[in-house]
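Visitor: build me a model from this:
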Amino acid sequence: MRFLKLLIISIFSFAVLIFLLSLLFPSKAVVERSGVIDAPVAVVYSQVNELRTWPEWNPWTKLEAASPLQFSEPSHGKGAWYSWVSAANDGASGKLTILRSEPAKGVYYNMIYKDMQPVLGGLEIQPAKDGNGTVIHWYIETKLGWKPWWKFRGFMADRLMGPQVEQGLTELKARCEGMK
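Guide: Modelled structure (predicted):
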């Protein structure tokens, strides 16, 4: 009986310790990457503003493209969206909606993915200082809330999603530079 009491107290103490430790972690996770694309701002904007082009360069949309994507009409600009339901029958579904779209600044979006925290993202663009090309900054921000398991996952967000953001920027760069 004494062993059982000690075990329960130990488990409870460990859970409280984990919760208190998680309070030290930030309440949001941000993954961001930047680069320069040797193409005019208008070309880059045309690719990031039109959701139907995203499967060509966005690594997550490529994965989702294995299942049918549903696009809004029009599929570009503020209010445009696309949604998906996983073909793998795992019930994964989601929707990405453009919140703001400005030719001189970029595209800002919200993504809701089943059983995940909502994601805010942006593809910010501006002319390069030398006048040749476009500087692009892609960020993804997730509010993690108070649950320890979300905060620990947020701690690893850059390591988990950073390479995919870099891959997306590389593919966007190749696509835009091929169009100029």
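Visitor: only C-alpha atoms for contact and neighbour calcs from this point on.
Guide: Fine.
Visitor: now do Q167 against S34, distance only.
Guide: Separation of Q167 from S34 (CA to CA, to the nearest Å): 11 Å.
Visitor: which residue ranges of this protein form strands?
Guide: 28-37, 69-71, 81-85, 93-102, 106-113, 119-127, 134-143 (DSSP state E).
Visitor: look up phi and psi at G77.
Guide: Backbone torsions for G77, taken as degrees, to the nearest 10, come to phi 80, psi 180.
Visitor: and the closest residue in space to it that isn't next to it in sequence, what are its bridge partners?
Guide: Closest residue to G77 in three dimensions, ignoring its sequence neighbours and counting by CA to CA, 6 or more residues apart in numbering: S101, at 5.5 Å. Judged by DSSP bridges, the bridge partners of S101 are V107.
Visitor: so, low pLDDT: which residues of the protein?
Guide: Applying pLDDT under 70 to the chain picks out residues 62-66, 87-91, 150, 154-155, 180.
Visitor: the residue lying closest to W60 once chain neighbours are set aside - how many residues pack around it?
Guide: Among residues not flanking W60 along the chain, Q164 sits closest, at 8.0 Å (CA to CA, 6+ apart). The local packing of Q164 (other CA atoms under 10 Å) involves 15 other residues.
Visitor: circling back: contacting residues around the residue nearest to G77?
Guide: Residues in contact with S101 (CA atoms under 8 Å, 6 or more residues apart in numbering) are 49, 77-78, 107-108.
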